[in-house]
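Q: coords below, sequence missing:
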């Protein structure tokens, strides 16, 4: 007669144990981010969705250039305009990633590869920079390609938008300022330290330069021109 009661008690305890284990896992097991979720940090603002070009808060010259070029509405649909916008987005997002304290390729990974102005994908450029595995010549070629293609697109779009001389000079100055800004940051972050150019070192690849003690800096030169005791103790008059 007592067997059904025992079975009921055991079943109740088993269900309670399973519920307890389930609640434990829900409360104490960390929730991992899915691959499809896109979460961005606060450094430099968001990468996409806040305006044009991408990462515009990091490189304000980019949005100024696009604002001047959209003097005529039909420019927005031009393939040249979209490519220039992409170049500005890559420069801005590369600056954002290189200056980020996280050291993670985040903003640049959203940028599309374009054969007209890319040597390698900009996200790969960022990764090489963070790991300091890019050669100076390669970095120069990558940035020179962006600069040269951007200048060509600027001239074409300025003609289509019928910009006057003052406006043309302004967009060219803004583009050069933006390019130089990102290029200077890239050289300081991407390349390995050249010790030969620091602290007055020699140019022989980081050799230590000469050192003169402070107690000798104000002493007159010893020429031994008019006699006196030589370094060996001998007398020159003899």
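A: Structure's in. What do you need? Computed from a predicted model, the values in this text were never measured in an experiment.
Q: Which secondary structure elements does the helix or strand where residue 159 lies sit against?
A: Following DSSP states H and E, the helix or strand that holds residue 159 is helix 136-160. In this structure, helix 136-160 makes packing contacts with helix 60-69, helix 79-99, helix 165-190, judged by 3 or more CB pairs under 8 Å, 6 or more residues apart in numbering; DSSP states H and E. Placement of C-beta: from N, CA and C, glycine included.
Q: and the longest one, what does it pack onto?
A: So the one you mean is helix 165-190. Counting by 3+ CB pairs under 8 Å, 6+ apart, the packing neighbours recorded for helix 165-190 are helix 60-69, helix 79-99, helix 122-130, helix 136-160.
Q: quick one on the thing from earlier: select, out of the helices and strands packed on helix 136-160, the one closest to residue 145.
A: Distance to residue 145, taken as CB to CB, is lowest for helix 79-99 among the helices and strands packed on helix 136-160, at 9.7 Å.
Q: Take the helices and strands packed on helix 136-160 and write them to CSV, including mean pLDDT.
A: Shown next, in CSV, are these (pLDDT from 0 to 100):
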stretch, mean pLDDT
helix 60-69, 91
helix 79-99, 93
helix 165-190, 94
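Q: With respect to burial, which of those helices scores highest?
A: Counting by mean count of other CB atoms under 10 Å, helix 79-99 has the highest mean neighbour count of those, with a mean of 23.
Q: The helices and strands packed on helix 165-190: which one's closest to residue 112?
A: Residue 112 sits nearest to helix 79-99 of all these, at 6.7 Å, using CB to CB.
Q: Remind me what that closest one packs against, helices and strands.
A: Using 3+ CB pairs under 8 Å, 6+ apart as the contact criterion, the elements in contact with helix 79-99 are helix 60-69, helix 122-130, helix 136-160, helix 165-190.
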